[in-house]
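Prediction below, plus the sequence it came from.
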Amino acid sequence: MKWVNKIGLIIISLLFAFTITACSNSKMPTEQNLVKKVDGLKEYSPALLYDDDVLYTSLSSDGNMAFGRFNIGTEVQKEIGMVEQFYISQGIPVCVGNAAYMPVALNNMQHQLLKIDLSKDTLEAIPFVGGSEAIDYISATATDVYLLARDKNADNTNRSLIYKYNDKNKELLEFILKESDQDSIVGLSCYNNKLFTVAEKSDGIDTDVCIEIYDCESGTLTDTIQLSDTLKEAMSKNGLVQFNVFNHFLYFRDFSDRGYIAAINNDGAEKIFDSLGLRVVSGSNTNDFNIEPFFLSGIALALRLHGNVRNLDYVMG
């Protein structure tokens, strides 16, 4: 089946990298071809799979990060661009059309949104006002990129900044969440033109965590998802590296590299699976699938979504 072949392909890539985002699957190479060729990228970190190409990053000894692409079939390697004085990034890009986007922070704590045009092999850095925390988070709809930066107010309370970028009008603007009391937001994910945020609410003594859902166009609060105590503790304990929403499920990964899958029902969200090393691969077209691929120690897991039947299945070893 087509989706099984896709999963097998990306798993092999994951054995050489942290996470690869599948930006397109129109010309997927064979698994055997990828096994043979990907060894040429062993000193790099693959970032995403785009047709027959692997977009990769490479950090030099002087602190600069290079972006390039490697064609698996022809073994042709191209340099795309350089980010000087690179400091840190979440390292998980998103795709909108033929472009990949990834936020980075530089040594001087300047924050940038990188746009990698995969049709022209160009790199553009778009500066924005970041926060006191170095790692920014990113998600996207079919047309827009959303950025989350976190800062501190004068009284040392948390402040969350969300930006929206549309390549058509070339504007990176602050996105105001309406009906929000501006609690600290520690994660965001776009799905079905909704913006899902992980919100921390503090009364000065205790901190609660929930998922708040906003309309991507108006910024209006449309719903709130309550989390089980298990999920609240997991989200608060080691911080969030990655957060994804798809269909009736949540996925998140913390800084200890433990991944969690939770099901959303009428009562809120409840954990159904967690493991060290559990990763998700998501790209610009995952909303078109009824299966979301997960990876655990080189074994593919697929969450089958058929009506109310939700099973976590091993699909290949």
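Okay, I see it. Numbers count the residues shown, from 1 in each chain.

all contacts plus neighbour counts: C-alpha atoms, from now on.
Fine.

continuing past the helix or strand where Cys190 lies, what's the next helix or strand?
For Cys190, the enclosing helix or strand under DSSP states H and E is strand 184-191. Past strand 184-191, heading to the C-terminal end, the next element that is a helix or strand (DSSP H and E) is strand 194-202.

and the strand holding Cys190, which strands flank it?
Counting by DSSP bridges, the strands paired with strand 184-191 are strand 194-202 (antiparallel).

tell me what the helix or strand following the strand it pairs with is packed against?
The first helix or strand that comes after strand 194-202 along the chain, using DSSP H and E, is strand 207-215. Counting by 3 or more CA pairs under 8 Å, 6 or more residues apart in numbering; DSSP states H and E, the packing neighbours recorded for strand 207-215 are strand 194-202, strand 221-226, helix 229-237.

Pull up the gap between the spatially most central residue of the chain and Asp136, please.
When the chain is reduced to its mean C-alpha position, the closest residue under CA atoms, centre = their mean turns out to be Ile92, at 4.8 Å. Using CA to CA, to the nearest Å, one obtains 10 Å as the distance from Ile92 to Asp136.

got it, and Lys164?
Applying CA to CA, the value for Lys164 to Asp136 is 13 Å.

shared neighbours of these two, anything?
Leu147 (CA atoms under 8 Å, 6 or more residues apart in numbering).

Who has more neighbours out of those two?
Of the pair Lys164 and Asp136, Asp136 is the one with more neighbours under other CA atoms under 10 Å, namely 27 against 19.

any idea how far Pro103 is from that one?
Separation of Asp136 from Pro103 (CA to CA): 6 Å.

Mutual contacts of the two, please.
Ser89, Gln90, Leu147.

you'd agree the second one is in a helix?
No - the assignment for Gln90 (DSSP: H, G, I helix; E, B strand; the rest coil) gives coil, which keeps it out of a helix.

Would you report the backbone torsion angles of the closest residue to Thr143 other than its chain neighbours?
Across the structure, with CA to CA, 6 or more residues apart in numbering as the measure, the residue nearest Thr143 apart from its sequence neighbours is Val96 (6.1 Å). Its backbone dihedrals place Val96 at phi -130, psi 110, with angles given as degrees, to the nearest 10.

What is the burial count for Asn108?
Using other CA under 10 Å, Asn108 has 9 neighbouring residues.

ah, wrong one, I meant Asp203
Burial measure for Asp203: 7 neighbouring residues, criterion other CA under 10 Å.

Could you tell me what pLDDT the model assigned to it?
We note a pLDDT of 72 for Asp203 in this prediction.

ditto for Leu301
At Leu301, the pLDDT value in this model is 52.

now Met28
Confidence score, pLDDT, at Met28: 44.

repeat for Asn107
For Asn107, the pLDDT comes out at 91.

Which strand or helix spans the nearest residue to it once chain neighbours are set aside?
The spatial neighbour of Asn107 that comes closest, neighbours along the chain excluded (CA to CA, 6+ apart), is Tyr87 at 5.0 Å. In this structure, Tyr87 sits in strand 86-88 according to DSSP H and E.

and that strand, average pLDDT?
For strand 86-88, mean pLDDT is 91.

ok, and what's touching it?
Counting by CA under 8 Å, 6+ apart, the neighbours of strand 86-88 from elsewhere in the structure are Gly63, Asn64, Met65, Val104, Ala105, Leu106, Asn107, Met109, Ala134, Ile135.

Secondary structure added to the residues you listed, as TSV?
Below are those laid out as TSV (three-state DSSP):
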residue	secondary structure
Gly63	coil
Asn64	coil
Met65	strand
Val104	strand
Ala105	strand
Leu106	strand
Asn107	coil
Met109	coil
Ala134	coil
Ile135	coil
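
how about low-confidence regions in the stretch 201-317 of the chain?
Within the stretch 201-317 of the chain, the set of residues satisfying pLDDT under 70 comprises 204, 281-317.

90 instead, please
Along the stretch 201-317 of the chain, the parts satisfying pLDDT under 90 run over 201-208, 236-239, 246-249, 257, 261, 263, 265-267, 272-317.

which one of the helices and strands packed on strand 207-215 lies closest to Ser256?
Using CA to CA as the measure, helix 229-237 is the one of these that comes nearest Ser256, at 9.7 Å.

That closest one relative to strand 184-191, how many degrees between them?
Computed with axes from the mean of the first three to the mean of the last three CA atoms, to 10 degrees, the direction of helix 229-237 lies at 110 degrees from that of strand 184-191.

Would you mind listing the buried residues in helix 229-237?
Applying a neighbour-count criterion of 16 or more other CA atoms under 10 Å, the buried positions in helix 229-237 are Leu231, Lys232, Ala234, Met235.

so which of the helices and strands packed on strand 207-215 comes closest to Tyr44?
When these are compared by CA to CA, helix 229-237 sits nearest Tyr44, at 30.3 Å.

ok, then the element right after the closest one?
Using DSSP H and E, the helix or strand that follows helix 229-237 towards the C-terminus is strand 240-246.
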